[in-house]
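Q: Next come a sequence and a model predicted from it.
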Amino acid sequence: MKNWNLLFRRTHLYLGMVMLPWMAMYALSAGVFNHGEAFGLRRASTAPWLTLWEKDYAIEIPASTDGLRDTVRRLLTDNGLSGPFGVQRQGERLTINVPHFRDPLRLSYDIAGKKLRAEQRNHSAMEILIRLHERTGYGNGGVLNNLWAVIVDVFCVSTLVWIATGLYLWWKLSATRGWGGLAIGGGIATLLTLLATL
């Protein structure tokens with residue numbers, strides 16, 4: 001039993017240390033989300049986009065969404081760009097967002113006019129923090145993008161293990177069970193109340 005206690009203590013300790021930068025990043029970015037105006041964070045819809053270039057460009061855009069991502073990937077390659085992207089079609093216009101932590105890029109393609117424009121948003125430390133919080137998902141292409149997604153998965157599993165080892169260590173200290181139970185119960189009650197009423 002003594003060896004188990006030591007194992008749980010060490011697991012809890014070192015998981016907390018490994019997760020420290022990720023916990024700090026998520027906590028700080030969540031605070032910025034919650035108090036964006038206090039940090040001078042502009043909303044994405046109002047932040048200025050600066051035109052980098054505009055040029056004539058012709059590519060056949062499929063009428064349906066089938067094959068659209070493959071077409072956009074070819075468009076990016078033709079223009080010396082790569083990496084993850086999102087695409088939206090609004091009538092005769094394509095909007096392609098290429099995320100980067102520091103300098104996100106937006107491409108606008110006028111299908112009828114065969115014009116392609118690239119714009120970039122000036123970055124700030126707060127906006128970078130927001131993008132760190134939002135970046136998730138596999139299938140975006142590239143080893144580093146997949147590595148980020150793997151680390152997010154490891155972080156999620158590590159957090160659950162950290163919680164489990166914390167509960168184990170709390171239960172082993174009989175003197176704190178009452179206050180600990182009150183704290184856990186209060187947290188659960190608050191969450192359930194807000195879920196039921198908001």
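A: The structure has been received and is ready for your questions.

Q: Please make it C-alpha for all contacts and neighbour counts, starting now.
A: Will do.

Q: Show me the helices in the protein, by range?
A: With helices called from DSSP state H, the chain shows them at 2-34, 68-78, 125-134, 143-172, 177-197.

Q: I'd like to know how far residue 174 sits from residue 168.
A: From residue 174 across to residue 168, the span is 11 Å (Cα to Cα, to the nearest Å).

Q: Those two: which is more packed in?
A: Between residue 174 and residue 168, residue 168 has the larger neighbour count (other Cα atoms under 10 Å), namely 15 against 10.

Q: Comparing the helices of the chain, which comes out most buried?
A: The highest mean neighbour count among the helices of the chain, using mean count of other Cα atoms under 10 Å, belongs to helix 125-134: a mean of 17.

Q: if we can go back for a sec, looking at the helices of the chain, which is nearest to residue 59?
A: Nearest to residue 59, of all the helices of the chain, is helix 68-78, at 7.4 Å by Cα to Cα.

Q: pLDDT below threshold where in the protein?
A: Scanning the chain for pLDDT under 70 picks out 1, 39-47, 123, 139-141.

Q: Map the structural domains onto the sequence of it.
A: 2-39+140-197, 49-123 (automatic domain parsing).

Q: Ramachandran angles for residue 37?
A: Main-chain torsions, residue 37, degrees, to the nearest 10: phi -70, psi -40.
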